[in-house]
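K.L.:
Structure here, sequence nowhere to be found:
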């Protein structure tokens, strides 16, 4: 995968979508790391947390598949706008939640908004840059996302610790950055013509034709599913630190450190995938995840666990940009919305059993929960290594850089 030597500048639409993600994540992450503690305060615990994450992400997965497939034949910007607007409207309602089920319902609706926007947005990014720069572009987008995820908890910390705001008031305040994100979409995002796909050729040929994703992409998605079955929500790491004695007011700071680690490594990780190959970078990231989760139950102090959480951020840096770039590489342009919808659907559907099982295991045997996740990551990494090597031998699937 050759890389151009001339200076490369990201298109305006990619930068604008990056700012949208930053602002949205400021709003989301003002509340997300506080949800485990908030759930406990209204009668929920580890199992409720796992159920919340599982239901929210699984419902979102179905929406992602539908919106991605639907966006292949029409303008994608309306999907992006609708998704961000819905999340902005519902998120502040956490301020009036009084039971765990209220939180689950609000979180699920928030994730429906994410489902509507994710695949069409990723397809716009993929269409806006050349193949050799997709890792860089998606790395930038994820960097902005993670910067927002770091700023959100910092703001929450300042409001809770510095100004003494109640959690419910912090939740209500998320409306402002959400509205700013919607404004950027309306006035700052201009969808490139190439991102508005026409119906696929095989779909136009016959009314009964159903576009099918390439076999090589389906094989990769199967491995993503194996990994995701063991990939619990990062909120469990905050719960782990809380159980070890970290004060509630400091949980947003721990969350900041994780997202700062991600943000620092997103663009380097994306560029590494452009240079050395998507599969190699993905395998490295999955092994980092496996190692971190094998070590989490062995740490007994807040300080050591916190350091491990920061190191764990390298997994995101190595995988977030390359994963989406690989999907674009393996899918024909006219099916990219469907391809991203499939990626998000696979991960979202696997999240329900993953988080429910992890939550149940954590409540009874935390070490087993972490080691199960580590094992799934190892299995997926080994599977992708085998797939990539077979691809190099047969020439059927190009998953590594030449």
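P.N.:
Noted; the coordinates are in hand. All values reported here derive from a predicted model rather than from experimental measurement.
K.L.:
Assign residue 213 to helix, strand or coil.
P.N.:
Assigned with DSSP: H, G, I helix; E, B strand; the rest coil, residue 213 falls in the coil class.
K.L.:
contacting residues for it?
P.N.:
By Cβ atoms under 8 Å, 6 or more residues apart in numbering, residue 213 lies in contact with 221, 331, 335, 338-339, 342. Where you see a C-beta, it was placed from the backbone N, CA and C, and this is true even at glycine.
K.L.:
from the residues you listed, which is closest to residue 141?
P.N.:
Proximity of the contacts of residue 213 to residue 141 (Cβ to Cβ) peaks at residue 339, which lies at 16.7 Å.
K.L.:
ok, back up a step: now the two most distant members of the contacts of residue 213.
P.N.:
With Cβ to Cβ as the measure, no two of the contacts of residue 213 lie farther apart than 221 and 335, at 13.1 Å.
K.L.:
Among these two, which residue is more densely surrounded?
P.N.:
Neighbour count, other Cβ atoms under 10 Å: between residue 221 and residue 335, residue 335 has more, with 24 against 18.
K.L.:
gap between the more buried one and residue 353?
P.N.:
In this view, residue 335 and residue 353 are 28 Å apart by Cβ to Cβ, to the nearest Å.
K.L.:
same thing with residue 168?
P.N.:
32 Å.
K.L.:
Could I get the full set of helices for the stretch 301-402 of the chain?
P.N.:
For the stretch 301-402 of the chain, applying DSSP state H, counting those that start in this stretch gives helices covering 302-330, 336-364, 366-394.
K.L.:
got the ones you listed as a markdown table, with distance to residue 104 and mean neighbour count columns?
P.N.:
Formatted as a markdown table, those follow (distance: least, Cβ to Cβ, whole Å; neighbours: other Cβ atoms under 10 Å):
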| stretch | distance to residue 104 | mean neighbour count |
| --- | --- | --- |
| helix 302-330 | 25 | 22 |
| helix 336-364 | 12 | 23 |
| helix 366-394 | 21 | 18 |
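K.L.:
okay if I get those helices as CSV plus mean pLDDT and distance to residue 14?
P.N.:
Output for these, formatted as CSV (pLDDT from 0 to 100; distance: least, Cβ to Cβ, whole Å):
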stretch, mean pLDDT, distance to residue 14
helix 302-330, 90, 12
helix 336-364, 84, 15
helix 366-394, 85, 27
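K.L.:
Out of these, the one nearest residue 102 is which?
P.N.:
helix 336-364 (18.6 Å).
K.L.:
Tell me the helices and strands packed up against the closest one.
P.N.:
Packing partners of helix 336-364 (3 or more Cβ pairs under 8 Å, 6 or more residues apart in numbering; DSSP states H and E): helix 46-71, helix 100-128, helix 215-229, helix 235-243, helix 302-330, helix 366-394.
K.L.:
what residues does the fourth one touch?
P.N.:
Where contact means Cβ under 8 Å, 6+ apart, the residues beyond helix 235-243 that reach it are 32-33, 35-37, 46, 49-50, 53, 248, 251, 254-255, 258, 296, 302, 305-306, 309, 312, 358-359, 362, 366, 369.
K.L.:
So for it, what gets flagged as buried?
P.N.:
By neighbour count on 16 or more other Cβ atoms under 10 Å, the buried set for helix 235-243 is 235-242.
K.L.:
and the angle for that helix with helix 302-330?
P.N.:
Counting by axes from the mean of the first three to the mean of the last three Cα atoms, to 10 degrees, helix 235-243 lies at 180 degrees to helix 302-330.
K.L.:
by how many degrees do helix 235-243 and helix 46-71 diverge?
P.N.:
For helix 235-243 against helix 46-71, the angle by the same axes, to 10 degrees is 160 degrees.
K.L.:
ditto for the second one
P.N.:
For helix 100-128 and helix 46-71, the angle between their directions (the same axes, to 10 degrees) works out to 40 degrees.
K.L.:
With adjacent residues omitted, what lies nearest to the residue most central in space within the chain?
P.N.:
Nearest to the mean C-alpha position of the chain, by Cα atoms, centre = their mean, lies residue 320 at 7.5 Å. Excluding its sequence neighbours, the residue lying closest to residue 320 (Cβ to Cβ, 6 or more residues apart in numbering) is residue 142, at 4.1 Å.
K.L.:
Nothing else from me, thank you.
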